[in-house]
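Kindly return the folded structure for what I paste below:
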Amino acid sequence: MRVLRLRGHHSPAELLGWERRTSREKCNTEHVYEPATGRVLCHLEPCGAVEVDQAVKAAKSAFGLWSKLSGMERARIMIEAAHIIEARREEIAEMEVVNNGKSITEARLDVDSARLCIEYYAGLATTLAGQHVQLPGGSFAYTRREPLGVCVGIGAWNYPFQIAAWKSAPALACGNSMVFKPSPVTPVTAVLLAEVYAAAGAPEGLFNVVQGGQETGSLLCYHPDVAKVSFTGSVPTGKKIMEMASKGVKPVTLELGGKSPLLIFEDSDLENAVSGALMANFLSQGQVCSNGTRVFVHKDILPQFVEDVVKRTRAIEIGDPLLESTRMGALVSRPHLENVLSFVDQAKKEGASVLCGGEPFVPSDPKLKDGYYMTPCVLGYCTDDMTCVKEEIFGPVMSVLSFETEQEVLRRANDTTLGLAAGVFTRDVKRAHRVVEHLQAGSCFINNYNITPVEVPFGGFKMSGVGRENGQVTIEHYSQLKTVFVEMGDVDSLF
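As a prediction, the model looks like this:
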């Protein structure tokens, strides 16, 4: 396989089986940058058809061994992987920060989520079972839940390590193998997960990492030995992946974009509502698909809400993401930073008021002067027809809108082609459940936001995706059901 070069030493980022492989062929390399400093972190050499085929073949071979193990045997290896992640927590979190730019505090939580996900599905691996159905005359039928085969996971750059675990854990628990392609922007920590699985005793080739962009992803989707594709990313790319997978009638799981509403009613606990709005907009520098970026605030509490949310937004510590005090690190790339800033400029042109932030930020540390930082932004006086309200910005930009009635805000909240998440803040328990019932979103929050325990499903309605991550239901997305009929008497033939 091909080499990923990291900071002055050679460290391959493609694992074929558990061996680090390098390509004998010359190919074009791509720079991978450290968001906090703007320096080149490493060089990525995309995998082509030969490497992708090697990875899939290795996974297919491993599947033959892994799928024959009992659930308890698979669980034992997965639990060991979770223990290794726990022991390497700080190392993995620091590498996530270097490659992604988020704060070390958040990165540790991401690593914890990955570990918990693997532990959770290790437990479910021992419970996979079918159903027995008694039929007339002593005959019966039963069902078997069987693995699919080689699954492909394609990750996003905002949660590189966590997404790799969220996709691989249910796949492996069901007896599948996986070829995983991280984003070419954040290619590093998926390799660490592969090393963890190897150290835990997984069969050679069970979890393979291939690097590259769109071309590499296409090769994976079209490969005849791939049984399923799971993708996290943008809506346009998700559509293409669904189309490619359809050529082989392969099931897909798609976790796509969002433009989620957060509804704050007049009877809300205001301090909690402000905290929820900050969590709904500024986690991971606002680079979260489920973010509640359309914040609808009842007109009676709007002035106080705006005053409080602006005060707390201005107090967010921006800077070196490896420092404990930092709460907002760098955006993932220079082009992405410029794109987010352009949304702020467009909002101003369309009549929104920048209540705070929305500007490039240069930390005091000279080593960080070329990093991709901006001040978190709150936009006021927003209307439903503004670009900042209609389009996913994927950065630290909160759009605040006013509303008067429950019926009105529900109509406006649902007026989008996306439906990943939604939230409501209110002390009225009846209203909370009534509103959530009518919100067109796959993941809803009452009096909190962006809480994603691995025990519950996560995914969207409408163009925000197909299928679910996490929870028991995901087992159905990584397995197939076989029905067996057993005749205990003679054949009752019509011929």
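
buried set for stretch 106-121?
Residues 106-108, 110-111, 113-121 are the ones in stretch 106-121 that count as buried (16 or more other Cβ atoms under 10 Å). Any C-beta I mention is one placed from the backbone N, CA and C, and that applies to glycine too.

ok, so of those, who is nearest residue 288?
Residue 288 lies nearest to residue 106 out of the buried residues of stretch 106-121, by Cβ to Cβ, at 10.2 Å.

Without its sequence neighbours, what residue ends up closest to the closest one?
Nearest non-adjacent residue to residue 106, counting by Cβ to Cβ, 6 or more residues apart in numbering: residue 284, 6.1 Å away.

For the one you found, which residues are in contact?
Each residue near residue 284 by Cβ atoms under 8 Å, 6 or more residues apart in numbering is listed here: 100, 102, 106, 158, 159.

could these go into CSV alongside secondary structure?
As requested, the contacts of residue 284 are exported to CSV (DSSP: H, G, I helix; E, B strand; the rest coil):
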residue, secondary structure
100, helix
102, coil
106, helix
158, coil
159, coil
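
what about burial for the residues you listed, which qualify?
Of those, these count as buried by 16+ other Cβ under 10 Å: 100, 102, 106, 158, 159.

farthest-separated two in the residues you listed?
Applying Cβ to Cβ across the buried ones among the contacts of residue 284, the maximum distance is between 106 and 158, 10.5 Å.

Can you add distance to residue 249 and pLDDT and give the buried ones among the contacts of residue 284 back as JSON lines?
Shown next, in JSON lines, are the buried ones among the contacts of residue 284 (distance: Cβ to Cβ, whole Å; pLDDT from 0 to 100):
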{"residue": "100", "distance to residue 249": "35", "pLDDT": "98"}
{"residue": "102", "distance to residue 249": "38", "pLDDT": "98"}
{"residue": "106", "distance to residue 249": "39", "pLDDT": "98"}
{"residue": "158", "distance to residue 249": "30", "pLDDT": "98"}
{"residue": "159", "distance to residue 249": "30", "pLDDT": "98"}
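
Could you find the closest non-adjacent residue to the residue most central in space within the chain?
The structure's the chain has its C-alpha centroid closest to residue 163; by Cα atoms, centre = their mean the separation is 4.9 Å. Distances taken as Cβ to Cβ, 6+ apart place residue 155 nearest to residue 163, at 4.3 Å, with adjacent residues excluded.

residues in contact with that neighbour?
Contacts were defined as Cβ under 8 Å, 6+ apart; by that measure residue 155 touches 163, 164, 167, 180, 181, 182, 183, 190, 232.

and those, which of them are in strands?
Of those, the ones assigned to strands by DSSP state E are 180, 181, 232.

Which of the residues you listed sits closest to residue 206?
residue 180 (11.0 Å).

Name the residues linked to the closest residue to that closest one other than its chain neighbours by a beta bridge.
Using Cβ to Cβ, 6+ apart and skipping residues adjacent in sequence, the residue nearest residue 180 is residue 153, 4.3 Å away. Per DSSP bridges, the residues bridged to residue 153 are residue 180, residue 230.

Distance from stretch 459-470 to the middle of the chain?
Stretch 459-470 sits 11 Å away from the centroid of its parent chain (Cα atoms, centre = their mean, to the nearest Å).

Mind checking the pLDDT average for that stretch?
Mean per-residue pLDDT for stretch 459-470: 97.

what do you get for stretch 444-452?
The average pLDDT within stretch 444-452 is 97.

Show me what counts as buried in it.
Of the residues in stretch 444-452, 444, 445, 447, 449, 450, 452 count as buried by neighbour count, 16+ other Cβ under 10 Å.

Please give the number of neighbouring residues around the closest residue to the fourth one other than its chain neighbours.
I take that to be residue 449. Among residues not flanking residue 449 along the chain, residue 280 sits closest, at 4.1 Å (Cβ to Cβ, 6+ apart). If you count neighbours by other Cβ atoms under 10 Å, residue 280 ends up with 26.

now swap in the one 3 residues further on and tell me
With neighbours defined by other Cβ under 10 Å, the count for residue 283 comes to 22.

Doesn't it lie inside a helix?
Yes. Judged by three-state DSSP, residue 283 forms part of a helix.

from what I can see it touches residue 450, true?
Yes. Between residue 283 and residue 450 there is a contact under Cβ atoms under 8 Å: 5.8 Å.

joint contacts of the two?
The contact sets of residue 283 and residue 450 overlap at residue 291 (Cβ under 8 Å, 6+ apart).

The stretch 351-495 of the chain: helices as residue ranges?
Using DSSP state H, counting those that start in this stretch, the helices of the stretch 351-495 of the chain run over 387-390, 406-413, 429-438, 474-477.

The residue nearest to residue 449: helix or strand, and which one exactly?
Element membership for residue 280, per DSSP states H and E: helix 270-282.

Give me the residues contacting that helix.
Helix 270-282 has contacts (Cβ under 8 Å, 6+ apart) with 260, 262, 264, 291-293, 295, 301, 304-305, 308-309, 312-313, 316, 328, 376, 396-398, 423, 425, 445, 447-450.

State the next helix or strand along the chain beyond it.
Helix 270-282 is succeeded, C-terminally, by strand 294-298 (DSSP H and E).

list the helices and strands that following strand packs on?
With contacts taken as 3 or more Cβ pairs under 8 Å, 6 or more residues apart in numbering; DSSP states H and E, strand 294-298 sits against strand 261-264, helix 270-282, strand 397-403, helix 406-413.

which stretches of this structure have low pLDDT?
1-27 (pLDDT under 70).

domains of it?
Here the domain assignment for the chain is 5-256+464-481, 261-446, based on automatic domain parsing.

As CSV, the ones you listed with distance to residue 487 would be great.
Below are the domains of the chain laid out as CSV (distance: least, Cβ to Cβ, whole Å):
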stretch, distance to residue 487
domain 5-256+464-481, 5
domain 261-446, 43
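
which secondary structure element contains residue 145?
Counting by DSSP H and E, the element that carries residue 145 is strand 140-147.

which other helices and strands contact the helix or strand that contains residue 42?
If you go by DSSP H and E, residue 42 is part of strand 40-44. On a contact count with 3+ Cβ pairs under 8 Å, 6+ apart, strand 40-44 meets strand 5-6, strand 30-33.
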